[in-house]
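**Q** Model the structure of this input:
(2 chains)
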Amino acid sequence: MLVLLFKNFIRSRGTKIGLLFLFLICFISLLIGKQFQEKQAKNVQEAILYQKEHIAKNVNFHQDDLGLLLYYLKFSLVNKSFPVNSLAIGQRDVNPSIQTVTIRGLEGQKYDAELNNPNNLLLGNIDFSFVLIYLFPLLIIAFSYNLISEEKESGTWKIVVTQSQNTFLYILKLFYIRILSLTLLLTIVLAIAAFLLNIPLNISFLTFYGISVLYLLFWFAICFFLVSLQMNSNFNAVILLTTWLFLIIILPALINTYIVNKYPIPEALELTVKQRNAYHEKWDMDKQETLDKFYTHYPQFKNYLLPDKEFSWLWYYAMQQMGDDESAKESRDLESKLEQRNQSSQQITQFIPTLHAQMQLNEIARANLGNQLLFLKETKQFHEKLRLHFYPKIFDDEAVNKQKWDNFKVETFTDKSKINLKKTFLPLVVFNFILLFLGWLNFRRKNI
Amino acid sequence: MSLHNEILIAKHLNKAIFKNRAVPIIIIFIGILLLYATFSGWKNYTNQKETSEKYQHESREDWLNNPDKNPHRMAHYGNFAFRKSTSLSMFEYGMEPFFGNAIFLEAHKQNSANFSEAGFSSSMMRFGEISIAMVLQILFPLLIFFIGFNAIATERENGTLKLLLSQGVSWKQILLGKTLGIASVIMILFIPIILVLLLVWMLLQNFTVSADEILKMMLFILFHFIYLLFFCVIAVLISAASKTSKNALVSLIGIWLLFTIILPRTTQSIGAYVYQAPSKIEFNSAIEKDILKQGDSHNPNDLHYKAIKDSLLSVYKVDSVQKLPFNYSGFIMTEGEKISSTIYNKHLDTLLQVYAKQNSFSKAVSFINPYIAIKNISMGLSNTDYDSYINFQKQAETYRYDMAQKMNALQIKYISNKKQNPTDTPQTINKNYWADVQEFQYEPKDVFTILKNELLSIISIALWIGILLFLIKIAYKNLKAI
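**A** Next up, the predicted model:
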């Protein structure tokens, strides 16, 4: 029976075209992921090479002035991208994965944007997560919207009822076949992905797979529920597509608009204007005053006294430091605003399975706002480390050639946040269970 | 020519559509959505405008309030260019969420435009935002398809189509009548919302709008009106060509998905896949290398600058730069700024060409996809398209260059050339000179430039009108009653 049903399903031309089309576009998404991965790797290689050349060149130019040299020298920090990132590019195309900073004021450099074609960003990537979130449900809907209703409309339903003892079991079998085909397709695609993109079979990849399967089941559960209402095919198609539209276009857009309007970010501009003034005004102020503030921040440098010269690097870097110190409040405000945005999006998305799935995939791929915030924090530490290393050397006016320049390689930040399995899976499981239960109730009540 | 029969058919369809209890609910829902979109667009626009004006003003005051100092210090103090939204961007966000809103403009350095909305958002941003344009361009076509798919197919199924034709009603009348019928339902939503938009739009600008803005608004309304009519025609044609209403529905849904979801993303992705743009590091290091080849003004031993120095010395017949009658380092910086910005602009042009190639795919597809055509036109009109952004960046760069060179000129003219002792107080010029640098004013493109830029999309819309008229003609010759 099951085999016959399967043959019947797979023989239909629509099914074949649908599955083939989906497989093809999955494959394209993997190629795009592959290109993304190669580009990320190439960027890192370039950053490493560039930093080496850049340091060597500038060390050569400014051999007798360490303070001046460090005015120019740039150091890079890489936000490590994991192979699974190629399946869900997330915000990694918007935000730079490499930060390059000098030891001057950080706030003026921290938010430097990536070079981007805004058209690419607007229309988005065809990464695997797009295919999964947007297109798989469409095929699921196409495969299941007319179950029963079509047979009723063509009059074959009566035959089914007389021939099989348990029509509910028959319906389950119809769903089983469809679930099996699409899960199989998903598994094949992800297996190819693991091979093509060198994704290790670790916990994050398994979680990725788990979310994907649960997400497909969610759409089957919706279809199951709708089929249980036993309306006509046209009605089912319209309702299912409207549901798709709601969950994938309208609700996300509404929530997004809500969050953008609820948490506007004037702090960003406030911060830039403030840090510029805080640094520049010091040129026209009493030098000792600036240094006193600097000593308060770094008591360990108290012994470096202001030289009796119009210009000194001690004073210069103290001024730069003030740009950061005096805009610290604005910087914290911006940070906490971003945290708020991140948190409230996470809270809301729990209740919308499509958004939840996408956000979780991006989180596994370390391509969400959370990752970006961690990276910014890490950039701050990276910058502080460089400062603390070079400040005393500049103040002592150490020789440029005495420094171990080979030690200043490109550094890498690895986002080690753990995946919370309960938070990841629970919303999808709950939604699936509710829909299946309601569908089952309907079938029982209507006594098909 | 009397349209009596057409109007009768239209009225009949209008009634039939409203017999479906779901339709008023959907219309009310979309109405609410539109109101929310208007409200949030309005809020977003005023927020953006207030913030950018506030900081533009504040940073200008800061600039003017700088005390007497060396003009080169001022060149490093720099200015900001804040992007201002135009009034139509209330209704069409376009690429705005992905644009950087502020560029810091200083000497020697072309900074990136920072603080885009997208950079500060979770990946939810990529699902899009609710705006008037989004509702009109994406949701309305689907609504049209939902109410129009059975316009003719159902009549064929019940056999009333045969009756109609046998009574002497022509196919032409049926097609036209049905199109009008669907359009009349849509206009119940479209006309009030346009009135609300106009009101909000005028209100926000205190009823003082320029002719340019009025023209843009009118075009925005006109093109959307034509666009929606397209979908009414498509719905009727497909419904007429389909054997059953189910087939019509499935085909129409397929067309909608293809036009609004699949094609736009796919074509842009192909463009980005085929033409790879360089990364920021690659871009910057290429510029740095080229500048070094030309000469580095910060490198004391650079050949290019040594040649300049030698020629100056021989022209003025002096033996050291300190004896020159003008400020030497100001002169060198002028030269350096010129070289570096020429090289930067050359690289930027190459980069923009890559972007243009990436975009060429989706531009070409506007010929087969009216959604892309209308999107491009409406983004152009609301100044939220790619060209507007590049335009903003270029205006900012021109301003930056002029500012830096003005400061260099002041240095050449007013700063003494004498070498200073380490203990001397720095040389300054009067703060009144700061006002010589005008405030940055971003000028959005005018409507004719936009129409010229979007010529391709406009041709595509015209072409679509032609194609649909042609299809209608073919249809009423070939369609069958059964």
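
**Q** show me what contacts the residue in chain A that chain B sits nearest to?
**A** Chain B sits closest to A:Pro252 of chain A, with a gap of 3.4 Å, by CB to the nearest CB. Bear in mind the C-beta positions are built from the backbone N, C-alpha and C, glycine included. By CB atoms under 8 Å, 6 or more residues apart in numbering or on different chains, A:Pro252 lies in contact with A:Ile352, A:Thr354, A:Leu355, B:Met124, B:Phe127, B:Gly128.

**Q** what do you get for B:Asp212?
**A** Residues counted as contacts of B:Asp212 (CB under 8 Å, 6+ apart) are B:Asp446, B:Val447.

**Q** how close does it sit to chain A?
**A** Shown here: B:Asp212 relative to chain A, a distance of 24 Å by CB to the nearest CB, to the nearest Å.

**Q** That residue: which element?
**A** Using DSSP states H and E, the element containing B:Asp212 is helix B:211-241.

**Q** Could I get the buried residue list for that helix?
**A** By 16 or more other CB atoms under 10 Å in any protein chain shown, the buried positions in helix B:211-241 come out as B:213, B:215-217, B:219-220, B:223-225, B:227-241.

**Q** Residue numbers of the stretch 101-250 of chain B in contact with chain A?
**A** Residues of the stretch 101-250 of chain B lying close to chain A (CB under 8 Å from any CB of the partner chain) are B:101-102, B:104, B:111-131, B:134, B:138-139, B:142, B:146, B:150, B:245-246, B:249-250.

**Q** Tell me the predicted confidence for residue 230.
**A** All of this refers to chain A. Per-residue confidence at A:Gln230 stands at 88 (pLDDT).

**Q** Correction: the question concerned chain B.
**A** Per-residue confidence for B:Phe230 comes out at a pLDDT of 95.

**Q** Next: A:Phe218.
**A** According to the model, A:Phe218 carries a pLDDT of 97.

**Q** Counting neighbours, what do you get for it?
**A** Here the neighbour count serves as a burial measure; for A:Phe218 (other CB atoms under 10 Å in any protein chain shown) it reads 23.

**Q** Hmm, A:Phe431 and it touching each other?
**A** Yes - the criterion here is CB atoms under 8 Å, and A:Phe218 meets it with A:Phe431 at 5.8 Å.

**Q** shared neighbours of those two, which are they?
**A** Here A:Phe218 and A:Phe431 share the contacting residues A:Pro353, scored by CB under 8 Å, 6+ apart.

**Q** quick revisit: among the residues of the stretch 101-250 of chain B next to chain A, which ones are in helices?
**A** B:Met134, B:Leu142, B:Phe146, B:Ser245, B:Lys246, B:Leu249, B:Val250 (DSSP state H).

**Q** any idea how far the fifth one lies from A:Ser12?
**A** Which is B:Lys246. Using CB to CB, to the nearest Å, one obtains 15 Å as the distance from B:Lys246 to A:Ser12.

**Q** for the fourth one, same thing?
**A** Relative to A:Ser12, B:Ser245 is positioned 20 Å away (criterion: CB to CB).

**Q** more neighbours, those two?
**A** B:Ser245 (20 against 11).

**Q** Was I right to think that one contacts B:Ala151?
**A** No - counting by CB under 8 Å, B:Ser245 stays clear of B:Ala151, with 9.1 Å between them.

**Q** Show me which residues of the host helix or strand of A:Thr296 are buried.
**A** The secondary structure element spanning A:Thr296 is helix A:287-297 (assigned by DSSP H and E). Taking 16+ other CB under 10 Å as the neighbour-count basis, helix A:287-297 is seen to contain the buried residues A:Lys287, A:Thr290, A:Leu291, A:Lys293, A:Phe294, A:Tyr295.

**Q** Quick check: pLDDT value at the last one.
**A** We have a pLDDT of 95 for A:Tyr295.

**Q** nearest spatial neighbour of it, skipping sequence neighbours?
**A** A:Lys302 (4.9 Å; CB to CB, 6 or more residues apart in numbering or on different chains).

**Q** for that neighbour, phi and psi?
**A** Its backbone dihedrals place A:Lys302 at phi -60, psi -30, with angles given as degrees, to the nearest 10.

**Q** Just give the number of residues close to it.
**A** Burial of A:Lys302 is recorded as 12 neighbouring residues (other CB under 10 Å).

**Q** Touching, it and A:Asp292? I think so.
**A** No - under the criterion of CB under 8 Å, A:Lys302 makes no contact with A:Asp292, lying 9.8 Å away.

**Q** ok so, going back, what sits against the closest residue to the residue of chain A closest to chain B other than its chain neighbours?
**A** What sits nearest to A:Pro252 in space, not counting adjacent residues and going by CB to CB, 6+ apart, is B:Phe127, at 3.4 Å. B:Phe127 is in contact with A:Ile248, A:Ile249, A:Pro252, A:Ala253, A:Asn256, A:Leu355, A:Gln358, counting by CB under 8 Å, 6+ apart.

**Q** how about a cut-off of 7 Å?
**A** A:Pro252, A:Ala253, A:Asn256 (CB atoms under 7 Å, 6 or more residues apart in numbering or on different chains).

**Q** How about the residues of the stretch 151-300 of chain A by chain B?
**A** Taking CB under 7 Å from any CB of the partner chain as the criterion, the neighbours of chain B within the stretch 151-300 of chain A are A:233-234, A:237-238, A:241, A:245, A:249, A:252-257, A:260-261, A:264-266, A:268-269, A:272-273, A:277, A:280, A:283-284.

**Q** filter these to the buried ones?
**A** Burial of these was assessed by neighbour count (16+ other CB under 10 Å); the buried members are A:233-234, A:237-238, A:241, A:249, A:252-257, A:260, A:264-266, A:268-269, A:272-273, A:277, A:280, A:283.

**Q** Identify those among those residues that sit within strands.
**A** Using DSSP state E, no member of these sits in strands.

**Q** Keep only those of those residues that are in helices.
**A** Secondary structure defined by DSSP H assigns A:233-234, A:237-238, A:241, A:252-257, A:260, A:268-269, A:272-273, A:277, A:280 of these to helices.

**Q** max-length helix in the chain?
**A** Reading this off chain A. For chain A, the helix with the greatest residue count under DSSP H is helix A:13-61.

**Q** if you could check chain B rather than the one you did, that'd help
**A** helix B:22-64.
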